[in-house]
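# Mind looking at a prediction? Sequence and model below.
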Amino acid sequence: MMLPWMFTCDVRRHERALRFRDGCLVAVLAPGRHRLWPDPLGLLLGHRPDRVEFVGTLDPVIPRPLVEHVLATPALAASVLVVELDQHERAHLWRNGQLIAVLGPGRHALWAPSRTEPVRLQIERFDVLALLAERERLLGTAV
């Protein structure tokens, strides 16, 4: 039985749903069907109703301007993988055996696959200085 103030939210496998209560993020919903109850006290006090925003995760790399915001929000931070690369490091991001991104120096946040997603993310880190030293050793020339 669905009560009139309750609503259902269907999150597809390649999405996450962000639930906001009174303008603040309160939960990240994983793929599946969710029945959501509004805050009864908030409704009585005239607060804004809950809202849900959907975020696609087909591209697992979260855009740089959002990274710090995502990591500062505990509900979101639990749903992401963080990759920190020094100035001399680079990383290849693989999804199911296919290269999808090359990450440069800095902090990167990636949507972590849910347990229901048939996605395997792999991060391969490289030390650029070590690669240059190896190149110099093999070629016998200074770079």
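Thanks, I have the structure now. Residues are numbered from 1 along each chain as shown.
# Who are the contact partners of P63?
Counting by Cβ atoms under 8 Å, 6 or more residues apart in numbering, P63 makes contact with nothing. All C-beta spots, glycine's among them, are computed from the backbone N, C-alpha and C.
# Now do the closest residue to D10 other than its chain neighbours against P74, distance only.
Among residues not flanking D10 along the chain, R33 sits closest, at 5.4 Å (Cβ to Cβ, 6 or more residues apart in numbering). R33 sits 24 Å away from P74, going by Cβ to Cβ, to the nearest Å.
# which SSE is E136 in?
E136 is part of helix 128-139, with elements assigned from DSSP states H and E.
# For that helix, give the mean pLDDT please.
Mean per-residue pLDDT for helix 128-139: 87.
# If you count contacts, what does it end up packed against?
Using 3 or more Cβ pairs under 8 Å, 6 or more residues apart in numbering; DSSP states H and E, no helix or strand is in contact with helix 128-139.
# Swap in 10 Å and give it another go.
strand 89-95 (3 or more Cβ pairs under 10 Å, 6 or more residues apart in numbering; DSSP states H and E).
# Which residues does the next helix or strand after the strand it packs on contact?
Next in sequence after strand 89-95, counting helices and strands by DSSP H and E, comes strand 98-103. By Cβ atoms under 10 Å, 6 or more residues apart in numbering, the residues outside strand 98-103 that reach it are 58-61, 83, 85, 89-95, 108, 110, 121-126.
# Tell me the buried residues in the following helix or strand past strand 98-103?
Counting by DSSP H and E, the next helix or strand C-terminal to strand 98-103 is strand 106-111. By neighbour count on 16 or more other Cβ atoms under 10 Å, the buried set for strand 106-111 is 108-111.
# Which of the helices and strands in this structure ranks last by mean pLDDT?
helix 40-44 (a mean of 65; mean pLDDT, DSSP states H and E).
# Setting aside sequence neighbours, what's the nearest residue to the most centrally placed residue in the chain?
In the chain, the centroid-proximal residue (Cα atoms, centre = their mean) is W111; its distance is 2.4 Å. Excluding the flanking residues, the one nearest W111 by Cβ to Cβ, 6+ apart is T57, at 4.1 Å.
# I'm done for today, thanks for sticking with me.
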